[in-house]
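1. Below is the structure, and that's it, no one-letter string:
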Ligand SMILES: Nc1ncnc2c1ncn2[C@@H]1O[C@H](COP(=O)(O)OP(=O)(O)O)[C@@H](O)[C@H]1O
Ligand SMILES: [Mg+2]
């Protein structure tokens, strides 16, 4: 165990995993209470298209995928606020667009696609320095945004009351959507595209069942996100399993445990 | 007549090509207790939202167009300090899946943000507001375990905790039993005596309203009557607001 910690790529993966676990779960509580789970799904696939574009252009995929996913997140929010289309329909359209675009871009890249698989299922071997710096930067940003928790929570509780109290609810919607897009892209290396939506939602859903208040729900979700990321990364290294699947399976196990505990 | 709490000048609201409100000219004196009565879709909730400075359509469903002008205490609703106004939304919009204790809901009315933790001073003020509406025992109860009537009281405490000068309630008596409704009026009147606040309350129970309100605003997309209850609730006004009603007593029950 200890000698694994000496390996630079393990160190990078652990730091990225812990930070991403904390941030994803923190945003996850808002996703769960605002019923935006499907948004995470849609944005994961936008990340897929963004990564595909980055690979095609031969740059660090994260540099292309972040702006791309943020643009999709803002577009979804804009369409949702301007039309009476349901949330699900709006996201469904962008979801389809992203997957189609991603597949098209992937197919244009001749031959070698092994690295593409690491994006789809997650692989701790591939967390690069630029990946890590991007995650650290996001971590700092989220830390600076912590004082907004009370306003975000208020608008999550009752949008109309928050509006009546003159909170910039619309701006919050855009900011939250953009942050969810960024953390989604940042999580790609650790969890993989197919499982990001689960990674965003399960810790928050688990802590929802254990918490009588939103404050406690937030704390527990972050704790669960961090612990399961750490544990999952270690296990995936020793068992040689894909990191994303390992982390999410641990999260699901915890979720089931919480479900049982709750019934008492 | 004294100072006005609410004044509107040819106020109108249009959703797409549907004119929800038109030609509203109101002068509501400070300290009055106004019962707002009218059929479903009369624009009652829309009027309150305009006075709250909310976008009446909440930006959904295309553009909502507002014409004319509304003033609350002589200012545009949006310019008014948020703490002057208390609001109890319609019960159907309450979300009970949010993990919260009743006390936190009340503190959110004080802070205008959700509390991460509650200080002793805030707790004291919030508990006093709950006690004021006979709901002190509900303080530590999760929202999901409150009945409809209990939830109404918590929201009422939430709106009172900031000592508003104008209190607006959207159908607070709906889903509340007769005793609960009597209690509601008792709490509102007690608050009004103590604070001199103005109260606007949407209700379908004009029998009860006529006993407690100082004015009745009969609304059906425009003002049908704005008078003391005895005048506003005359048969010809009611039939203009609700369409033909055979007799004021067996008037249609509107939900
Ligand atoms: N956001 C909106 N978009 C379109 N129409 C709306 C919107 N809000 C309200 N309306 C319409 O305006 C009318 C008045 O609504 P409302 O003020 O809620 O009536 P009331 O509260 O008197 O029952 C209704 O016909 C309703 O369908
Ligand atoms: Mg209404």
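-> Great, that's in hand. Just so we're clear, the structure is a prediction, and the values are computed from it rather than from any experiment. Residues are numbered from 1 along each chain as shown, chains lettered A, B, ... in the order given. Ligands and ions are numbered 1, 2, ... in the order given.
2. all strands of chain B, in order?
-> With DSSP state E, the ranges of strands along chain B come out as B:4-15, B:18-29, B:33-37, B:64-72, B:85-88, B:166-170, B:198-202, B:215-219, B:223-227.
3. The fourth one and chain A in contact?
-> Read that as strand B:64-72. No: with C-beta under 8 Å from any C-beta of the partner chain as the measure, strand B:64-72 is seen stopping short of chain A, the closest distance being 12.3 Å. All C-beta spots, glycine's among them, are computed from the backbone N, C-alpha and C.
4. which residues of the chain fall in helices?
-> Just going to use chain A. Under the criterion DSSP state H, helices of chain A are mapped to A:2-6, A:8-33, A:37-57, A:61-82, A:87-108, A:114-121, A:129-145, A:149-157, A:159-164, A:169-191, A:196-210, A:214-239, A:243-262.
5. nope, chain B please
-> Listed in chain order, the helices of chain B (DSSP H) span residues B:44-52, B:102-111, B:120-132, B:148-160, B:178-195, B:206-212, B:229-232, B:235-242.
6. For residue A:192, find the nearest of those helices.
-> For residue A:192, the closest of the helices of chain B is helix B:102-111, at 37.4 Å, according to C-beta to C-beta.
7. Distance of residue B:156 relative to residue B:170?
-> The span separating residue B:156 from residue B:170 equals 12 Å under the rule C-beta to C-beta, to the nearest Å.
8. got a list of what the residue sitting nearest the centre point of chain B touches?
-> Closest to where the C-alpha atoms of chain B average out (C-alpha atoms, centre = their mean) is residue B:169, at 1.6 Å. Residues in contact with residue B:169, defined by C-beta atoms under 8 Å, 6 or more residues apart in numbering or on different chains, are B:87, B:88, B:156, B:159, B:188, B:199, B:200, B:201, B:202.
9. right, and the fifth one touches residue B:198 too?
-> No: at 11.3 Å, residue B:188 and residue B:198 do not qualify as touching, with contact defined as C-beta atoms under 8 Å.
10. quick one: common contacting residues for these two?
-> Residues touching both residue B:188 and residue B:198 comprise B:33, B:167, with contact defined as C-beta under 8 Å, 6+ apart.
11. residues contacting the nearest residue to residue B:221 once chain neighbours are set aside?
-> Using C-beta to C-beta, 6 or more residues apart in numbering or on different chains and skipping the chain neighbours, the partner closest in space to residue B:221 is residue B:43 (5.4 Å). With contact set as C-beta under 8 Å, 6+ apart, residue B:43 has these partners: B:13, B:20, B:21, B:219, B:220, B:221.
12. Give the bridge partners for the fourth one, please.
-> Okay, so that is residue B:219. Partner residues in beta bridges with residue B:219, using DSSP bridges, are residue B:223.
13. Neighbours of it, how many?
-> Applying the criterion other C-beta atoms under 10 Å in any protein chain shown, we find 24 residues in the vicinity of residue B:219.
14. what's near enough to touch it?
-> Here residue B:219 is in contact with B:36, B:37, B:38, B:42, B:43, B:44, B:47, B:241 (C-beta under 8 Å, 6+ apart).
15. which two in these are spaced the farthest apart?
-> The widest separation within the contacts of residue B:219, taken as C-beta to C-beta, falls between B:47 and B:241 and amounts to 14.0 Å.
16. And residue B:130, how far from ligand 1?
-> 28 Å (C-beta to the nearest ligand atom, to the nearest Å).
17. Any residues of the stretch 101-250 of chain A in contact with chain B? List them.
-> Looking at chain B, the residues of the stretch 101-250 of chain A close enough under C-beta under 8 Å from any C-beta are A:149-154, A:156-161, A:163-167, A:170, A:208, A:211-217.
18. How many residues are close by residue 56?
-> Just so you know, I chose chain A. Neighbouring residues of residue A:56 were enumerated by other C-beta under 10 Å; the total is 15.
19. hm, I was asking about chain B
-> Residue crowding around residue B:56 was assessed by other C-beta under 10 Å; the count is 21.
20. Now do the same contact list for it.
-> Remark: with contacts taken as C-beta under 8 Å, 6+ apart, residue B:56 is in contact with B:13, B:15, B:20, B:46, B:49, B:50, B:64, B:66.
21. can we see that at 7 Å?
-> Applying C-beta atoms under 7 Å, 6 or more residues apart in numbering or on different chains to residue B:56 gives the contacts B:13, B:46, B:49, B:50, B:64, B:66.
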